[in-house]
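Undergrad: Mind looking at a prediction? Sequence and model below.
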Protein chains: 2
Amino acid sequence: MLEYLYPIRTYLIVAGTIEKPNAMTADWVIPLSFEPSLVGISIEHTRYTNKLIKEQKNFVVAVPTLELLRDVWIAGTTSGAKTNKAEKMSVTFVRSEHVDAPSIKECQANIECRVVNEVEVGDHTLFVGEIVNVTCGDAFISGKPDLNYSYILHSSFGKGFTVNRQEEFKP
Amino acid sequence: MLEYLYPIRTYLIVAGTIEKPNAMTADWVIPLSFEPSLVGISIEHTRYTNKLIKEQKNFVVAVPTLELLRDVWIAGTTSGAKTNKAEKMSVTFVRSEHVDAPSIKECQANIECRVVNEVEVGDHTLFVGEIVNVTCGDAFISGKPDLNYSYILHSSFGKGFTVNRQEEFKP
């Protein structure tokens, strides 16, 4: 019944280290609190990323651009437990400033989070992350978030991805 | 720093009763689990909706259409504690089938949820709701979710709303 909430915007969750990075496509991502700045990500128990984050207690939410759609697809359809996804993807993993989980150079932004709570919710774990740092990738050279960025990637509930072209709207 | 996640899709959270409905615009909405079907909504402590849901332990996530943008604006900029938002809005509140919180006739879908967990996260409460029923509004006459629905409402982090026109994409 969750499909009625879709399409939902898609992000990349990066875990692992700069030596062995692992990125997973995720649309179950939510802001949770302003003060402190908290983000929640809900990751299925069976996922390799779930295991990694439970061990390392940090992750990065990387905001992909339209150009990264192929990588988003790879990160969303292969398992890091079986294959080295980083080798298949075209992105450049770079060291984050405050957490072990790496960032992605070509993304709009890399939101570095430290896990402050883990809540078991059905077949998933909700990781509550406090944002400790944000860096902007090549796509956000201004260093500021671009709320009018034209193309947003959305997931269609496992039925592929769609691109949403943003239009200004005046009520 | 949460603005780097934006724009994010916008929904209406309905609480109260059919006699006294209250709708709030919310973009902090996330699927949490497949089995059982769980949805999370993060609502600021100061909000009237937070108080209502803590009391009644149920809510409806209503999925708005482009035509409801004006109502989304009203529900997002006025407080139900001070004014009767339902009177200002043009939507039709109707009885839900399984929860006290009403549904909205003109929405794409109304996702009826019973609260199964409440997690305090910073200045917000994350209400974990189990989906107990879904009804389709006038906009989804087929009764099936329309993953290719052309227009999606997004919030620009308190700086208004944008409309995202969906385009098919083949990688």
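TA: All right, it came through fine.

Undergrad: what's the neighbour count on A:R95?
TA: A count of neighbours around A:R95, defined by other CB atoms under 10 Å in any protein chain shown, yields 11. No exception for glycine: its C-beta is placed from N, CA and C like everyone else's.

Undergrad: For it, which residues are in contact?
TA: By CB atoms under 8 Å, 6 or more residues apart in numbering or on different chains, A:R95 lies in contact with A:18, A:102-103.

Undergrad: just the residues you listed now: which is nearest A:T49?
TA: Nearest to A:T49 among the contacts of A:R95: A:P102, at 13.1 Å, using CB to CB.

Undergrad: how about A:Y4, secondary structure?
TA: In three-state terms, and counting by DSSP: H, G, I helix; E, B strand; the rest coil, A:Y4 is helix.

Undergrad: hang on, the earlier thing: any chance of a PyMOL selection covering the buried ones in the contacts of A:R95?
TA: Buried subset of those, written as a PyMOL selection, criterion 16 or more other CB atoms under 10 Å in any protein chain shown:
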select buried, chain A and resi 102+103
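
Undergrad: And the nearest residue to A:H154 once chain neighbours are set aside, its phi and psi?
TA: Using CB to CB, 6 or more residues apart in numbering or on different chains and skipping residues adjacent in sequence, the residue nearest A:H154 is A:P7, 3.7 Å away. Here is the backbone geometry of A:P7 (degrees, to the nearest 10): phi -70, psi 150.

Undergrad: Give the burial count for A:P7, as a bare number.
TA: Close neighbours of A:P7, defined as other CB under 10 Å, add up to 27.

Undergrad: One more: A:E106?
TA: 17.

Undergrad: what about it, distance to chain B?
TA: 15 Å (CB to the nearest CB, to the nearest Å).

Undergrad: Can you verify that residue is assigned to a helix?
TA: No. According to three-state DSSP, A:E106 belongs to no helix; its state is coil.

Undergrad: ok, A:H124 touching A:G40?
TA: No. The criterion here is CB atoms under 8 Å, and A:H124 misses it with A:G40 at 10.6 Å.

Undergrad: more neighbours, the two?
TA: For A:H124 and A:G40, the more surrounded residue by other CB under 10 Å is A:G40, and the numbers stand at 26 against 23.

Undergrad: what does the model give that one for pLDDT?
TA: You'll see A:G40 listed with a pLDDT of 98.

Undergrad: Can you name the residues bridging to it?
TA: Beta-bridge partners for A:G40, by DSSP bridges, are A:I30, A:V128.

Undergrad: For B:A86, see how far away it is.
TA: In this view, A:G40 and B:A86 are 30 Å apart by CB to CB, to the nearest Å.

Undergrad: Now A:L2: closest residue in space that isn't a chain neighbour?
TA: A:L2 sits nearest to B:P31 (CB to CB, 6+ apart), 4.4 Å away.

Undergrad: List the contacts of that neighbour.
TA: Counting by CB under 8 Å, 6+ apart, B:P31 makes contact with A:2, A:5, A:8, A:27-28, A:42, B:38-40.

Undergrad: What about these, which one has the most neighbours?
TA: Neighbour counts for the contacts of B:P31, by other CB under 10 Å, peak at B:G40, which reaches 26 neighbours.

Undergrad: thought it was touching A:L5?
TA: No. Counting by CB under 8 Å, A:L5 is not a contact partner of B:G40; they are 10.9 Å apart.

Undergrad: so what sits against both of those two?
TA: Listed as contacting both B:G40 and A:L5 by CB under 8 Å, 6+ apart are B:29, B:31.

Undergrad: Where does A:I53 sit: helix, strand or coil?
TA: Going by three-state DSSP: A:I53 is helix.

Undergrad: burial of it, as a residue count?
TA: By other CB under 10 Å, the residues close to A:I53 number 26.

Undergrad: List the contacts of the closest residue to A:E35 other than its chain neighbours.
TA: Spatially, and ignoring its direct neighbours in sequence, A:E35 is nearest to B:D123 (5.3 Å; CB to CB, 6+ apart). With contact taken as CB under 8 Å, 6+ apart, B:D123 is in contact with A:33-35, B:44-46.

Undergrad: Same question for A:I18.
TA: A:93-95, A:100, A:102.

Undergrad: Repeat that for A:K57.
TA: Going by CB under 8 Å, 6+ apart, the list of residues near A:K57 reads A:114-115.

Undergrad: Look at it and report its pLDDT.
TA: 98.

Undergrad: And for the one 5 residues further on?
TA: Per-residue confidence for A:A62 comes out at a pLDDT of 96.

Undergrad: circling back: how much space between the residue nearest to A:H154 and A:P31?
TA: 18 Å.

Undergrad: Same check on A:G80?
TA: Taken as CB to CB, the span from A:G80 to A:P31 is 26 Å.

Undergrad: and what of A:I111?
TA: Taken as CB to CB, the span from A:I111 to A:P31 is 10 Å.

Undergrad: With A:T92 instead?
TA: 27 Å.

Undergrad: Is any residue of stretch A:46-53 near chain B?
TA: No. Taking CB under 8 Å from any CB of the partner chain as the criterion, stretch A:46-53 and chain B are apart, separated by no less than 11.0 Å.

Undergrad: I'd like the list of the contacts of A:I18 that fall within strands, please.
TA: Mapping the contacts of A:I18 onto strands (DSSP state E) picks out A:93-94.
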